[in-house]
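Enquirer: Got a sequence here, can you build the structure:
(chains A and B)
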Amino acid sequence: MKPGHEIKLWTLNTTCLVIFIIVGIIGMGYRLIHGLGAVTNLNDLYPWGFWLGFDVLGGVAMAAGGFIIACAVYIFNWEKYKPISRPAILTAFLGYLMAVVALFLDIGHPFRLWHPTIMWQVHSVMWVVAIHVILYTTTLAIESSPMLLEKTGMKTTLKLVNKIMIGAVIFGVMLSTLHQASLGAVFLIAPSKMSPLWYTHFLPYMFLISAVAMGMAMVSTEAMLSAKAFNHKIDREIFSGLALGTFRTLALYLALKVFFLLKNAGLAPLMDNTLESGMYLFEVILGIVAPLLLLANKKGRTDLSNIMLANTLVIAGVLINRLNVCLFSMDQYAVTKGYGYFPSIMELLITLGVVSLGIFIFKLAARYLPLFAKV
Amino acid sequence: MALNRREFLKISAGSGILLASDLSPSLASEPKSLPPEAVGILYDATLCIGCKSCMVNCKKYNSMPKGALEQEYGEIPYEYQSDLQIYDAPIDLSAKTLNIIKTYTNGTGLNKDQEIDGFSFVKQHCLHCVDPACVSVCPVAALFKNPVNGIVGYDKDKCIGCRYCQVACPFQIPKFEFESANPKIVKCQLCRHRYAEGKYAACCEFCPTGASIFGKVTELKAEAANRLAAQPGTEYAYPVKTVDSAEKSVRKVSGYVDHVYGLTEAGGTQYMLMSGVPFANLGFNPAINDQAYPDITWSYIKKVPVLIVALLTAGTVIHLKTKNRKEKSTKGESGQE
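Expert: Sure thing, here's the model as predicted:
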């Protein structure tokens, strides 16, 4: 099996990626030397900003494709999804790496990132999340390792990894499910600050359900891109199956959204013309209602370009949701105290660097490792 | 696929409920009640003259070794970095200000301690909750509640700087040194560094009118109840500096809102406030109710171990049940693992 030789490594896009990575690394160095205040617009009313909302929460949500596919292939033994399992799991691994890099930069003492491993505090969701991140990133590394081991010909290690693979996958799916939910649980502590548009005791499960929808959209998108890159055919059934899954999950998600909106907030906060109501409507209409309509009938679920559009909307919608929960849901609270937040150029550039690094590694893997299945 | 995923979740949820009954008790959060020797502060806005002596002395004594504002260079952290070095006029709590006197005004602002056409002072700093949200969320236990005196303290060497405490605190108390490359969280620690010397909170020691008094929380509560019961216009001997002080300030009771802030809010606090003006006007978020914040999160966390077992079991069972299908379908295919 000759892996992706048809992929050109040095294109204009790659050059851009490398430039972004270099800019990002310079920004990171600056942040490490001069502190958070020198590079970010964070303040005491907005202690968490774009890095937390996008890089960490978004990165982890995007990684949901990994546990969806691992669940389908290894736990439910749906072999038809196997050809797309490697790119999906690698993407998950990179999503988590991106989250870890962002966390490293975001905490005040980057080199104390390991503290939670020895300073236990079981009452803290953040501690639970930290332990999950460590264990799951390790698990994803194991899940992704066979292609590296195949390439380097480390047969004994490969055999060992394959032996523990099922165990690792079941462990990983458990961790990932809980991790998605726990990230939502992080915000349970702030009922008197968050807008009732988002705050509900059900928040952990809202995060989990939206991550499932996002995971399926991610897997479908990755499969489509890989088919395009290799000019090979992927069973259409995979796409319509995933589209149906996305549709059903989104329908459940929308029903819960509407239920909690009416229960906790009522319709009044939607009409108050604040940033919150705008962002809420944006998230729900663009990220839930629109893809639901696109995928509502069977015809829509077989048209690949239609599915692609719906996938993009779902992914964007969940990313916006994470930003909303993390940032905009507390805007009104911060505004009344005289504070606001908008990410600085440096925050955006460093994020761009982190994302570019992820894409670059993916590209390297596609070029040099047996990432895509031969069909 | 979705249908099956839902089934999968249903199965896990089902086994979770079965297991929950056995596992929960051992994981129950210990009930939070006031520590035996709990100390705190009672602030009476009707006695406050807004002299800011508490603010100045808070800065001074907390800048000393082991104080909450201690700087590497042993200086008082001035609020504004200018030649003037003004340190007594911050506009809000910050990484350099642990304690602040603010003013409420309405209409003409002529009458002290009246909501309409009046004004009132209010003193803001950490309330030292009985069950603090900040302590519960800290992933490394850098924030901790002293089990004896109930003071919410901070260990800067453990802190990773995640700022979850800032998100969690309903009173918006912890502040972060964003400008530093070696940052810490800054909050009132009730002058815990001064107890070794037999001293107590500087803001109370240097309050000339008895607006801030230090003491055991049980005694402060009794004092507050007495004040609330006193008829407006009658004379009352207000203790100065500490609740059990022999030094009294005798003056007429000017009347209170019928509530002591901190008795029940967020599950109760060790800093309590009395005022002639409703507390919502003094900057307290009206969305804060009597629920102890950590309970909300704990109701999720206590399910986690159960969910771990349930998900692992469900994953294994489903894998084994569907294994046959795999063996059938992979026959003849070249292995890809």
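Enquirer: which regions of the stretch 51-200 of chain B sit below the pLDDT cut-off?
Expert: B:72-88 (pLDDT under 70).
Enquirer: give me the residue from it nearest chain A.
Expert: The shortest separation between the stretch 51-200 of chain B and chain A is 1.8 Å, found at B:G161 (distances taken as CB to the nearest CB). Placement of C-beta: from N, CA and C, glycine included.
Enquirer: contacting residues around the nearest residue to that residue once chain neighbours are set aside?
Expert: Nearest residue to B:G161 in three dimensions, chain neighbours excluded: A:G108, at 1.8 Å (CB to CB, 6 or more residues apart in numbering or on different chains). For A:G108, the contacting residues are A:35-36, B:159-163, B:176-177, B:183-184, taking CB atoms under 8 Å, 6 or more residues apart in numbering or on different chains as the criterion.
Enquirer: now these as TSV including neighbour count?
Expert: Written out in TSV, the entries for the contacts of A:G108 read as follows (neighbours: other CB atoms under 10 Å in any protein chain shown):
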residue	neighbour count
A:G35	19
A:L36	26
B:C159	25
B:I160	24
B:G161	25
B:C162	31
B:R163	25
B:F176	26
B:E177	21
B:P183	21
B:K184	21
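Enquirer: and those as a markdown table, adding distance to B:T105 and secondary structure?
Expert: Formatted as a markdown table, the entries for those read as follows, by distance: CB to CB, whole Å; DSSP: H, G, I helix; E, B strand; the rest coil:
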| residue | distance to B:T105 | secondary structure |
| --- | --- | --- |
| A:G35 | 37 | coil |
| A:L36 | 36 | helix |
| B:C159 | 38 | coil |
| B:I160 | 41 | coil |
| B:G161 | 37 | coil |
| B:C162 | 38 | coil |
| B:R163 | 33 | coil |
| B:F176 | 30 | strand |
| B:E177 | 32 | coil |
| B:P183 | 35 | coil |
| B:K184 | 35 | coil |
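Enquirer: ok, back up a step: ramachandran angles for the residue of the stretch 51-200 of chain B closest to chain A?
Expert: Listed backbone geometry of B:G161 is phi 80, psi 30, with angles given as degrees, to the nearest 10.
Enquirer: The one 10 residues further on now?
Expert: Backbone torsions for B:F171, taken as degrees, to the nearest 10, come to phi -90, psi 0.
Enquirer: There's contact between it and B:L127 in this structure, I believe.
Expert: Yes. The pair B:F171 / B:L127 is scored as a contact, 5.7 Å apart, by CB atoms under 8 Å.
Enquirer: Please enumerate the shared neighbours of the two.
Expert: Common contacts of B:F171 and B:L127 (CB under 8 Å, 6+ apart): B:A266.
Enquirer: Nearest spatial neighbour of B:S53, chain-adjacent residues omitted?
Expert: If the residues on either side of it in the chain are set aside, B:S53 comes closest to B:F206, at 4.9 Å by CB to CB, 6+ apart.
Enquirer: what's near enough to touch the one you found?
Expert: When contacts are taken as CB under 8 Å, 6+ apart, B:F206 is in contact with B:53-54, B:56-57.
Enquirer: Of those, which is the nearest to B:G283?
Expert: B:G283 lies nearest to B:C54 out of these, by CB to CB, at 16.6 Å.
Enquirer: ok, now which ones touch the closest one?
Expert: With contact set as CB under 8 Å, 6+ apart, B:C54 has these partners: B:99, B:101, B:123, B:202-204, B:206-207, B:212.
Enquirer: how close does it sit to A:L135?
Expert: B:C54 sits 48 Å away from A:L135, going by CB to CB, to the nearest Å.
Enquirer: Likewise for A:L327?
Expert: In this structure, A:L327 lies at 28 Å from A:L135, with CB to CB as the measure.
Enquirer: okay, these two: which has more neighbours?
Expert: Each of A:L327 and A:L135 had its neighbours counted (other CB atoms under 10 Å in any protein chain shown), and the higher figure belongs to A:L327 (23 against 15).
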